[in-house]
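S.K.: okay, sequence plus prediction incoming.
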Amino acid sequence: MAPRAIWKGVLKVAELTCPVALYTAASTAERISFHTLNRKTGNRVQRQFVDEVTGKPVEHDDQVKGYDRGNGDYIVLEPEEVAAAVPESDKTLDVATFLPCDEIDDVFLDRPYYIAPSTPIASEAFELIREAMVEQQCAALARTVIFRRMRSILIRPYATGLIGTTLNFDYEVRSAEDAFSDLPKMKIQDEMLDLAKHIIETKAGEFDPKSFDDRYEAALADLVKAKIEGRKLKPKKLPPAAKIVDLMEALRLSAKGGGKASSPASKAPKRKAAAKGTKNADQTGERRKAS
């Protein structure tokens, strides 16, 4: 079944326009989900909003948004006021500028969406834009309204189409200086650095999403299956704690192949690297399901 578009509009580059659709590129829909039940009756329970002072339930029509000014002083925002303040969507993915593909810091990347022409007649204009971006090795920075919010979107060539990634706003990205401010300045010995580089070289590989398993999801699936079959799961043994405390000893042991840790990337099959922005996601894109 063809994926359902979460947004349809027009990709606009100067005076060139192309009808496009956005599809979810990453989804959690296939994860195991649970309902909350009443342990005594086995019935599902429902969430209910209650007044924190009176403890009485508040019906949906009596609920309203409020901005906390502090000390319990709220500014009430009526639904029609919020609707009037939110920018209207003109369904235009308007490209403001083109920039090198690696210009955007990864910390600003949010959610990915596949972009494809929404009608057969739009295919030629779409391919023209995509091919020009591949030739120029560039990305496009555009803006549009998605889910009632104005969002900046980074558009890049991806497989045979485009991928648009919503960007975090500047105020949403925390300072790296704050996170790393307490890190002490260290002088690393040359021998230690050489050993570390050797370990990296021996574990060199390629990214293969298949080699990374979701252990939490797998454990839940095993547990559910065991409960259905009426059996108990045997608790898994934890790996022995590492006893090496000396950094140099750990490096030397790892360099000799004595370490037990293994990297999924090192197990990835070697294959010829694909052209950046065009072929590197052919297989990955096919495996994902848009929802």
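M.R.: That came in fine, so what should we check first? Numbering: from 1, shown residues only.
S.K.: CA only for contacts and neighbour counts going forward, please
M.R.: OK.
S.K.: for this structure, what are the low-confidence residue spans?
M.R.: 1-2, 241-242, 244-245, 258-291 (pLDDT under 70).
S.K.: quick one, strands of the chain?
M.R.: For the chain, the strands defined by DSSP state E cover 7-13, 16-24, 65-68, 74-77, 92-100, 109-117, 138-146, 149-158, 161-167.
S.K.: which one of those strands lies nearest to Q189?
M.R.: Q189 lies closest, by C-alpha to C-alpha, to one member of these: strand 109-117, at 35.7 Å.
S.K.: check which residues of the closest one are buried.
M.R.: For strand 109-117, burial by neighbour count (16 or more other C-alpha atoms under 10 Å) applies to P112, Y113, Y114, I115, A116, P117.
S.K.: also stretch 66-75?
M.R.: By 16+ other C-alpha under 10 Å, stretch 66-75 has no buried positions at all.
S.K.: which residues touch it?
M.R.: V76, L77 (C-alpha atoms under 8 Å, 6 or more residues apart in numbering).
S.K.: how far does that stretch stretch from start to finish?
M.R.: Terminal residues of stretch 66-75 lie 5 Å apart, using C-alpha to C-alpha, to the nearest Å.
S.K.: gap between it and the chain center?
M.R.: Centre-to-centre, stretch 66-75 and its host chain are 33 Å apart (C-alpha atoms, centre = their mean, to the nearest Å).
S.K.: same check on stretch 92-110?
M.R.: Distance of stretch 92-110 from the chain centroid (C-alpha atoms, centre = their mean) equals 16 Å.
S.K.: just name the closest of the buried residues of strand 109-117 to L223, please.
M.R.: Of all the buried residues of strand 109-117, L223 sits closest to P112, with 31.7 Å by C-alpha to C-alpha.
S.K.: what's the closest non-adjacent residue to that closest one?
M.R.: Computed as C-alpha to C-alpha, 6 or more residues apart in numbering, the closest residue to P112 that is not its neighbour in sequence is T165, at 4.2 Å.
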